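Colleague: Any chance you can model this:
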Amino acid sequence: MQKENQTFNIAPANRLTEVSEYYFSRKLKEVAQMNAEGKDVISLGIGSPDMPPAPEVIDTLCVQAQQPGGHGYQPTNGIAELRQAFARWYHQSYGVELDPATEIQPLIGSKEGILHTTLAFVNPGEQVLVPNPGYPTYTSLSKLLGAEVVTYDLKEENGWMPDFDALEQMDLSRVKLLWTNYPNMPTGANATMETYIRLVDFARRKGIVVVNDNPYSFILNDRPLSILSVPGAKECCIEFNSMSKSHNMPGWRIGMLASNAQFVQWILKVKSNIDSGMFRAAQLAAAKALEADESWYQANNRNYANRRHLAGEIMHALGCTYDENQVGMFLWGKIPDSCVEVEDLTERVLHEARVFITPGFIFGSNGARFIRLSLCCKEEKLQEALDRIKQAIK
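Modeller: Predicted coordinates:
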């Protein structure tokens with residue numbers, strides 16, 4: 001006798017109604033299905049570096065992974081060698097002095113840091129300020145944790161910088177965090193000391209913590225900056241950084257945050273109740289990666305510069321315009337007036353040219369007339385994408 005399946009009246013947590021599946025998670029399923037059908041889609045969507053870390057980084061991982069004593073749980077605040085390496089890197093790269101014992105917290109990637117920082121500072125019902133356009137995870141994780149998301153505008157006519165006059169006029173009585181991200185993703189707008197100084201002043205006067213997400217400062221950028229280089233910034237700011245973009249290590253899931261010792265301790269209190277430290281060999285390899293000299297970054301950027309040229313050609317083929325001064329591993333372009341909606345263009349390119357590009361609306365309403373191209377694609381594939389688009393878009 002066949003057993004009948006029982007149906008249970010179970011509902012998910014209410015918080016799931018606040019978010020949808022991550023756009024790339026959903027869209028890449030469609031791309032995978034197209035590939036399974038033999039359509040060979042070229043993806044210019046996600047910013048996942050396709051070049052490897054330096055050889056000595058991989059060698060360090062292999063050697064350390066063979067040490068019998070390195071496979072146990074690691075300290076939640078990271079091993080001393082990695083914290084010290086991050087401190088040296090910040091001093092050499094940004095001119096920022098950090099105490100490796102108290103002012104640095106290694107992370108299992110920046111998404112983890114967004115989660116832990118929000119839990120440490122924001123009560124349910126309190127508000128966070130999120131840029132529009134901006135990284136979708138700032139919004140989705142805030143909503144999952146019961147925070148109220150308030151957007152602030154970044155606009156093309158202002159160089160994608162915050163409108164401080166508009167911020168001053170907002171009711172900030174329930175705001176705990178302001179998320180910012182320079183060099184900016186998705187727009188490629190570079191960091192400026194003027195913006196950082198104004199953000200620090202705004203945070204101190206309003207009693208708000210500014211969190212600057214800073215993973216792109218070494219990609220096609222000859223002037224890396226940190227908000228923590230502003231005097232007094234550590235009192236009211238937190239900065240994230242990541243090995244994913246700067247050192248071609250996205251799958252390693254190694255990042256960090258830096259701030260004053262009290263803020264770091266609060267975040268560690270959350271983190272220590274959620275996870276443990278990363279694999280010791282991976283941390284030692286990351287410390288090795290942070291020793292890279294200027295020539296390594298230059299070689300990496302030569303590859304990105306060549307790809308950027310081809311991405312610019314793709315923008316022109318699509319009738320899009322873009323700012324030549326962008327930095328980072330994406331190219332952000334404005335669609336032509338002839339396009340009614342951005343998906344009219346991106347869906348046509350996907351299904352007729354078999355090239356996946358990102359519509360800007362996923363980053364917020366101010367991105368609705370833009371597309372984003374990833375430079376994490378080999379030159380020959382970018383050239384092929386250009387050729388396909390020219391053939392399909394006539």
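Colleague: Using CSV, write out the CA atom coordinates for the helix-or-strand element of the chain with minimal mean pLDDT.
Modeller: The weakest-scoring helix or strand in the chain, judged by mean pLDDT, DSSP states H and E, is helix 23-36 (a mean of 86). What follows is helix 23-36 as a C-alpha-only set of coordinates in CSV (Å, rounded to 0.1, in the frame of the first residue of the first chain):
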residue,chain,number,x,y,z
TYR,A,23,18.6,38.9,-8.4
PHE,A,24,21.8,37.1,-9.5
SER,A,25,20.8,33.9,-7.8
ARG,A,26,17.5,33.9,-9.7
LYS,A,27,18.9,35.1,-13.1
LEU,A,28,21.9,32.9,-13.2
LYS,A,29,19.5,29.9,-13.0
GLU,A,30,18.0,31.1,-16.3
VAL,A,31,21.5,31.5,-17.7
ALA,A,32,22.4,28.0,-16.5
GLN,A,33,19.4,26.6,-18.2
MET,A,34,20.3,28.4,-21.5
ASN,A,35,23.8,26.9,-21.2
ALA,A,36,22.3,23.5,-20.6
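Colleague: Please state the offset of that helix from the chain centre?
Modeller: 21 Å (Cα atoms, centre = their mean, to the nearest Å).
Colleague: Beyond that helix, next helix or strand please.
Modeller: Following helix 23-36 in sequence order, the next helix or strand is strand 42-43 (DSSP states H and E).
Colleague: For that next one, name the packing helices and strands.
Modeller: Helices and strands touching strand 42-43, by 3 or more Cβ pairs under 8 Å, 6 or more residues apart in numbering; DSSP states H and E, are strand 355-356, helix 379-392. C-beta: built from backbone N, CA, C; applies to glycine.
Colleague: Go through those and name the closest to residue 329.
Modeller: Residue 329 lies closest to helix 379-392 among these, at 12.9 Å (Cβ to Cβ).
Colleague: residues making contact with the least confident helix or strand of the chain?
Modeller: With contacts defined as Cβ atoms under 8 Å, 6 or more residues apart in numbering, helix 23-36 is touched by 20, 41, 43, 45-46, 136, 350, 354, 356, 362.
Colleague: what's the answer for stretch 140-148, then?
Modeller: Residues outside stretch 140-148 that contact it (Cβ under 8 Å, 6+ apart): 15, 18-19, 22, 111, 114-115, 118-119, 122-128, 130, 149, 174, 176.
Colleague: Drop anything exposed from the residues you listed.
Modeller: Among the contacts of stretch 140-148, the ones that count as buried by 16 or more other Cβ atoms under 10 Å are 18, 111, 114-115, 118-119, 122, 126-128, 130, 149, 176.
Colleague: which SS class is the nearest residue to residue 358 once chain neighbours are set aside?
Modeller: Nearest non-adjacent residue to residue 358, counting by Cβ to Cβ, 6 or more residues apart in numbering: residue 372, 4.3 Å away. Assigned by DSSP: H, G, I helix; E, B strand; the rest coil, the conformation of residue 372 is strand.
Colleague: Can you tell me how far residue 372 is from residue 219?
Modeller: For residue 372, the distance to residue 219 equals 14 Å [Cβ to Cβ, to the nearest Å].
Colleague: ok so, going back, show only the entries of the buried ones among the contacts of stretch 140-148 found in strands.
Modeller: Judged by DSSP state E, the buried ones among the contacts of stretch 140-148 include 127-128, 130, 149, 176 as members of strands.
Colleague: Please identify which helix or strand holds the nearest residue to residue 279 once chain neighbours are set aside.
Modeller: Leaving aside its sequence neighbours, residue 279 sits nearest to residue 74 (Cβ to Cβ, 6+ apart; 7.1 Å). Following DSSP H and E, there is no helix or strand that holds residue 74.
Colleague: would you list every one of the helices in the stretch 51-200 of the chain?
Modeller: 55-65, 80-94, 110-121, 136-144, 164-168, 193-206 (DSSP state H, counting those that start in this stretch).
Colleague: Take those helices and write them to TSV, including mean pLDDT.
Modeller: Below are the helices of the stretch 51-200 of the chain laid out as TSV (pLDDT from 0 to 100):
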stretch	mean pLDDT
helix 55-65	98
helix 80-94	98
helix 110-121	95
helix 136-144	93
helix 164-168	97
helix 193-206	98
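Colleague: Point out the most buried one among those helices.
Modeller: Of all the helices of the stretch 51-200 of the chain, helix 110-121 has the most neighbours on average by mean count of other Cβ atoms under 10 Å, namely a mean of 22.
Colleague: Now do it: everything it contacts.
Modeller: So helix 110-121 is contacted by 105, 107, 128, 137-138, 141-142, 145, 147, 176-177, 209, 211, 213, 215, 238, 240, 242, 244, 255, 257, 263, 266-267, 269-271, 274-275 (Cβ under 8 Å, 6+ apart).
Colleague: Give me the angle between that helix and helix 136-144.
Modeller: 40 degrees (axes from the mean of the first three to the mean of the last three Cα atoms, to 10 degrees).
Colleague: chain center to helix 110-121: distance?
Modeller: 14 Å.
Colleague: Kindly report the same for stretch 155-174.
Modeller: The answer for stretch 155-174 is 21 Å, by Cα atoms, centre = their mean.
Colleague: Tell me the buried residues in the least confident helix or strand of the chain?
Modeller: Across helix 23-36, burial judged by 16+ other Cβ under 10 Å covers 24, 27-28, 31, 34.
Colleague: Could you do stretch 363-381 as well?
Modeller: 363-364, 366-377, 381.
Colleague: Okay, domains of this protein per the record?
Modeller: As assigned by automatic domain parsing, the chain contains the domains 14-52+295-392, 69-289.
Colleague: if we compare the ones you listed, which one ends up closest to residue 61?
Modeller: Nearest to residue 61, of all the domains of the chain, is domain 69-289, at 4.0 Å by Cβ to Cβ.
Colleague: May I have the distance across that closest one, first residue to last?
Modeller: 22 Å (Cα to Cα, to the nearest Å).
Colleague: go on, stretch 254-273?
Modeller: With Cα to Cα as the measure, stretch 254-273 spans 19 Å from end to end.
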